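Enquirer: everything below, folded, please.
(chains A and B)
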Protein chains: 2
Amino acid sequence: MINIAVAQSGGPTCAINASLVGVFKESLKVSTIDAIFGSVNGIEGIIENHLVDLKSMILTNNDMELLKQTPSTVLGSCRYKLPDWHDDEEVYKKITETLKQRNIGAFLYIGGNDSMDTVNKLSEYFAEKAVDIKVIGIPKTIDNDLCITDHTPGFGSAAKYVATTMHEITRDSIVYSIPSVTIVEIMGRHAGWLTASSAVLHAMGETAPHLVYVPEVKFSLDSFLADVRQEMSKHKAVIVAVSEGIEVPEGVQSGVVDNFGHKYLSGIGKYLEDVVRSEIGCKVRSIELNVMQRCSSHLGSKTDIDEAEAIGAAGVRCALEGETGKVMVFRRIEDIPYTAVIETADAKDIANNEKFLPKKYINSAGNNIRDFALKYFLPLIQGDLNLITENGIPKHFAIHESVLK
Amino acid sequence: MINIAVAQSGGPTCAINASLVGVFKESLKVSTIDAIFGSVNGIEGIIENHLVDLKSMILTNNDMELLKQTPSTVLGSCRYKLPDWHDDEEVYKKITETLKQRNIGAFLYIGGNDSMDTVNKLSEYFAEKAVDIKVIGIPKTIDNDLCITDHTPGFGSAAKYVATTMHEITRDSIVYSIPSVTIVEIMGRHAGWLTASSAVLHAMGETAPHLVYVPEVKFSLDSFLADVRQEMSKHKAVIVAVSEGIEVPEGVQSGVVDNFGHKYLSGIGKYLEDVVRSEIGCKVRSIELNVMQRCSSHLGSKTDIDEAEAIGAAGVRCALEGETGKVMVFRRIEDIPYTAVIETADAKDIANNEKFLPKKYINSAGNNIRDFALKYFLPLIQGDLNLITENGIPKHFAIHESVLK
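Expert: Numbers count the residues shown, from 1 in each chain, chains lettered A, B, ... in the order given. Model prediction:
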């Protein structure tokens, strides 16, 4: 008998808890697995020996269904970067101590790029020290910027939110008789996947978004203004999708840096709003989709949530088969009908790499997404969740804040 | 045989098109009504004789269902203020000319406070000039600040959006191990109805929102900081709901003024974020719910949309009964089970008045909503729409932009 541990890390998405359910349910099925521990606040919980017994918290199928429609990370999160163990072994020793003390044979880490770095470092350390604990990564990120995998859990729901909301903003923007520009700022530090997903509206016969700016294309303020002027000659209400990560003049970004050296970006939409107001002088508004694009589980994509659960379950099976240092990935077989299979990749090939929007998805002017690219996005946003509601709004599953501390 | 005209005005909501469907469907049933004209961009379309034949555009029951799940105003909108006819009769003559030329016997105006001012002025002018055209107002506004009526169509859907999104933001905010403050800015110039609706979460057992600031209570920065510090001693992640309309020091509000003398407000959340950062120094984020709170029809309240349709239909019957200068209103009979009836009020009693959140709904500290007040909000957010989707996102009904010009 072994126990297993699972943790969640990085920025929230709508699918991280579904992957937790996948890990939990699959573990329940395996007779050789005894306790299922949840680590509070990602790897920090392992370091500090702050684990909770998930079987005593997730009691019913209804709990699991609620968890699948609950955004964010029910076990808390962290942005902790493991040092190189050659430089600082102390934290590795603490992790090993916790895992051994709890008789944990496999550790499943649900997270983004940075968490896959942890999976890689930890599995290498265990191999070096001949510690028989499997470490498997379950990907998640709304940014969809992980290598090798066709897409990441969490992206489909975020893309569905972005497309649905852009559609509604388009209706909202078109009502007045005077010309206007609406700038919608979408998350994505270096990769334009989520911003590009707004172009799904073109498949609905919408001309909006009329302009789409992604970080993969060098941004020019002059070209931007020329683009906006041209679209204004064709449409009364011009809708612009812009990634938070496009390069704009110094001083616009707030410049606060997190533990991984990532800048917290904000205000690009507001900046462009000011530019349009002063240079063109028309009615202009900027809208930041903010955290809603990563936590609006009421708009979760069924495809995404089902896949997130399946990839969590696959992670458990992978660990039981003796694999370690692996990340579970999707390989797409077909767009229509959409078919994908779950495989494994080496964590070292995924950690600290980024996957960008293919150049061929972007039009030659660098200001919109080509129609043929929509076949990539469309399957991922299909299907709605059958939400459990209370008082007219979707219910969530939550662990009391005193437990999470 | 008479024709009728309908127009939509003011800021978008999720329910304005449902009221249009109500007017349209009811008119189809009446054998003495011939054409149903839609005025493009509110009263401006009547002034400029820019009307469309709705029967040639809304062709099927499916079109009507789509229209009911389409946010904003399908016929465009305006923010046009009618002058006093004693000062300037010119525009009244143009309106009369259009309506007479099109043989229009009744004009239904779906809008907010300002549109009810138009209903009042126009009906008084027609009475003075013995013009037999009935003018009836159908209320709408997410602000819920119209007098006499228990609530306004559009408010319930906006409240459902605010409550659902606050719930999700709460999950998103609670994940990190460090203390944090999240400030959510909600629409409402002078009335705190929509901001107060975030307190619906308390009925779900949530402690969030921990603080709720509405324009009905004089805002003090010192009290705000003391409140935040106190909540931080109890909760790791403090969630604050704040109305855009609270009074803050000069210079924070952008100060652009529209035709009705309303200031365009923005940035109060950002301002308070900066205050918390500099005075308390913790992790802090502000989120503006922006236009999404008025156009997220994918989260429409079935109660709201059904009522919006019903009150539109009732407006037609009211005009046919010979009434004019009236606004259709709701009178609530019971909270549980929720029952309301549709009545009429004089437009002059509604126009240019505002209805504020009752003082008794606000706690004695002036920083939250009392639990007993939730019985007002809860019935209005019940029920979900059975959405028609395409490509994984809700479909809309739209009139081609070339028709709207």
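Enquirer: interface residues of the stretch 151-300 of chain A facing chain B?
Expert: A:160, A:163-165, A:167-169, A:171-177, A:200, A:203-204, A:235-237, A:285, A:287-288, A:290-292, A:294-299 (C-beta under 8 Å from any C-beta of the partner chain). (Glycine included, C-beta is placed from N, CA and C.)
Enquirer: if you set the cut-off to 6 Å instead, what comes out?
Expert: A:163-164, A:167-168, A:171-172, A:175, A:177, A:203, A:287, A:290-291, A:295-296, A:298 (C-beta under 6 Å from any C-beta of the partner chain).
Enquirer: mind listing which of the residues you listed are in strands?
Expert: With strands taken from DSSP state E, the overlap with these comprises residue A:287.
Enquirer: and the two most separated of the residues of the stretch 151-300 of chain A next to chain B?
Expert: Greatest spatial distance in these: A:177 and A:295, 35.9 Å, computed using C-beta to C-beta.
Enquirer: in terms of packing, which of the two has more residues around it?
Expert: Between residue A:177 and residue A:295, counted using other C-beta atoms under 10 Å in any protein chain shown, residue A:295 has the larger neighbour count: 28 against 20.
Enquirer: tell me how far the more buried one lies from residue A:159.
Expert: Here residue A:295 is placed at a distance of 14 Å from residue A:159 (C-beta to C-beta, to the nearest Å).
Enquirer: also residue A:184?
Expert: 14 Å.
Enquirer: and if you look at residue A:171?
Expert: Counting by C-beta to C-beta, the gap between residue A:171 and residue A:159 amounts to 19 Å.
Enquirer: more neighbours, those two?
Expert: Higher neighbour count among residue A:171 and residue A:159: residue A:159, with 29 against 25, using other C-beta under 10 Å.
Enquirer: who's in contact with the more buried one?
Expert: By C-beta atoms under 6 Å, 6 or more residues apart in numbering or on different chains, residue A:159 lies in contact with A:197, A:377, A:381.
Enquirer: now those as TSV including secondary structure and pLDDT?
Expert: TSV is the format used below for the contacts of residue A:159 (DSSP: H, G, I helix; E, B strand; the rest coil; pLDDT from 0 to 100):
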residue	secondary structure	pLDDT
A:197	helix	98
A:377	helix	98
A:381	helix	98
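Enquirer: return the closest of those residues with respect to chain B.
Expert: The shortest approach to chain B among these belongs to residue A:381, at 3.9 Å (C-beta to the nearest C-beta).
Enquirer: now do stretch A:207-226: distance from first to last residue.
Expert: For stretch A:207-226, the separation between the terminal residues is 18 Å (C-alpha to C-alpha, to the nearest Å).
Enquirer: residues near residue A:62, how many?
Expert: 12.
Enquirer: and it, helix, strand or coil?
Expert: Following DSSP: H, G, I helix; E, B strand; the rest coil, residue A:62 is assigned to helix.
Enquirer: just the pLDDT at it, thanks.
Expert: Looking at residue A:62, its pLDDT is 97.
Enquirer: now it: closest residue in space that isn't a chain neighbour?
Expert: In this structure, residue A:62 finds its nearest non-sequential neighbour in residue A:388, 7.5 Å apart by C-beta to C-beta, 6 or more residues apart in numbering or on different chains.
Enquirer: what does residue A:277 give?
Expert: Excluding its sequence neighbours, the residue lying closest to residue A:277 (C-beta to C-beta, 6+ apart) is residue A:284, at 5.2 Å.
Enquirer: quick one: that neighbour is in a helix?
Expert: No: read with three-state DSSP, residue A:284 is strand and lies in no helix.
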